[in-house]
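Participant: below is the sequence, then the predicted model.
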Amino acid sequence: MAIINVTPDSFSGDGLNGSADAALRQAEQAIRDGATILDIGGESTRPGSESVPLKDELARVIPVVRALVSLGVPISVDTVKPEVMEEAIAAGAAIINDINALREPGAIEVVAQSDAGVCLMHMQGQPRTMQQEPVYRNVAEEVESFLRQQLAVVMQAGVAAERICLDPGFGFGKTLEHNLQLFRDLPQLCHKGFPVLVGVSRKTMIGAVTGRAVNARMVASAAAAMLAAQKGAAVLRVHDVAATRDALAMWAAIDCADVTAY
Ligand code: YH5
């Protein structure tokens, strides 16, 4: 899953939508590099970030969905807002990627009334404050118990199990130690019968381990993605598709793993 950045549209005066055009070029490159899903939304939810007003998010995301639907790979939209979900699905998005696990009022109904796939992610707290003092008794158990409970709520509302993917939410209300423990315990979550998505690309935990600035985390991110795959992750959400593909290719060559599944 390639992360496609959607930047605020800077009006260029030429009548073209500059940001949708940039996203299209980025998406085409990601597909050439081996991406099989495109995730639109990206880094709106960094620790400490404020939420984006609805009208701004719609203006950023929907033109990009329209520009990318004809590329032939499923389009995922990273949003917590039911209105954005609804318009994105109408514009052709195949997957809703919700860091809030459909907890916003109305979100479950929008997804249930569609045939979109959905990623349910664990987060402790809210993006603005979640890194202030995250506390767990047992991080893997608590993440799993939240996901199990939200899974039941979402399925009860009519979303079939086959449409659902789970995500432990690396960096979302977790210290470095929590993230590393959760990563160690990934096999537990990956053996519950649902595909698991892992997103660690360029995140603070990669910076904490390597001491690298955000633009120099490609190698460590690809290594971590490969380890996640080895522990059973089904979807890898990454910025650097080519590097991740290379890492997976080495695993496949050595261990005869089926990386065509990715
Ligand atoms: C995720 O894990 N993450 S947005 C801070 C960074 C780098 C990257 C400090 N959406 C996830 O990618 N959706 C995001 O540098 C996500 N799982 C799912 N399903 C945060 C992000 C980032 C933040």
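Facilitator: Thanks, I have the structure now.
Participant: and the strands in the stretch 51-200 of the chain?
Facilitator: Using DSSP state E, counting those that start in this stretch, the strands of the stretch 51-200 of the chain run over 75-78, 95-98, 117-121, 164-167, 197-198.
Participant: okay, those in a markdown table with distance to A247 next?
Facilitator: Where C-beta positions appear, they are placed from N, C-alpha and C, glycine not excepted. Converted to a markdown table, these look like this (distance: least, C-beta to C-beta, whole Å):
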| stretch | distance to A247 |
| --- | --- |
| strand 75-78 | 22 |
| strand 95-98 | 22 |
| strand 117-121 | 22 |
| strand 164-167 | 20 |
| strand 197-198 | 13 |
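Participant: can you list these in a markdown table and add mean neighbour count, mean pLDDT and distance to A88?
Facilitator: Below are the strands of the stretch 51-200 of the chain laid out as a markdown table (neighbours: other C-beta atoms under 10 Å; pLDDT from 0 to 100; distance: least, C-beta to C-beta, whole Å):
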| stretch | mean neighbour count | mean pLDDT | distance to A88 |
| --- | --- | --- | --- |
| strand 75-78 | 28 | 98 | 4 |
| strand 95-98 | 26 | 98 | 7 |
| strand 117-121 | 24 | 98 | 12 |
| strand 164-167 | 22 | 98 | 17 |
| strand 197-198 | 26 | 98 | 18 |
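Participant: make TSV out of those strands and add distance to the ligand.
Facilitator: Below are the strands of the stretch 51-200 of the chain laid out as TSV (distance: least, C-beta to the nearest ligand atom, whole Å):
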stretch	distance to the ligand
strand 75-78	5
strand 95-98	5
strand 117-121	5
strand 164-167	4
strand 197-198	5
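Participant: around the ligand, which positions in this protein sit nearby?
Facilitator: On the criterion C-beta under 6 Å from any ligand atom, the ligand has as its neighbours in the chain the residues 43, 45-46, 78, 97, 99, 119, 121, 167, 169-170, 197, 199, 202-204, 214, 237.
Participant: return the residues in contact with the nearest residue to V159 once chain neighbours are set aside.
Facilitator: Leaving aside its chain neighbours, V159 sits nearest to A112 (5.3 Å; criterion: C-beta to C-beta, 6 or more residues apart in numbering). Contacts for A112 (C-beta atoms under 8 Å, 6 or more residues apart in numbering) come out as V154, A157, G158, V159.
Participant: separation between A112 and the ligand?
Facilitator: Here A112 is placed at a distance of 19 Å from the ligand (C-beta to the nearest ligand atom, to the nearest Å).
Participant: now do V64
Facilitator: Per C-beta to the nearest ligand atom, V64 is found 15 Å from the ligand.
Participant: and for that residue, nearest residue in space, chain neighbours not counted?
Facilitator: Closest to V64 by C-beta to C-beta, 6+ apart is A23, at 4.5 Å.
Participant: with D246 instead?
Facilitator: Distance criterion C-beta to C-beta, 6+ apart; nearest residue to D246, sequence neighbours excluded, is A222 at 6.9 Å.
Participant: now for that neighbour: which residues touch it?
Facilitator: Neighbouring residues of A222 by C-beta under 8 Å, 6+ apart: V238, D240, A243, T244, D246, A247.
Participant: out of those, which end up buried?
Facilitator: By neighbour count, with 16 or more other C-beta atoms under 10 Å, these hold V238, D240, A243, T244, A247 as buried.
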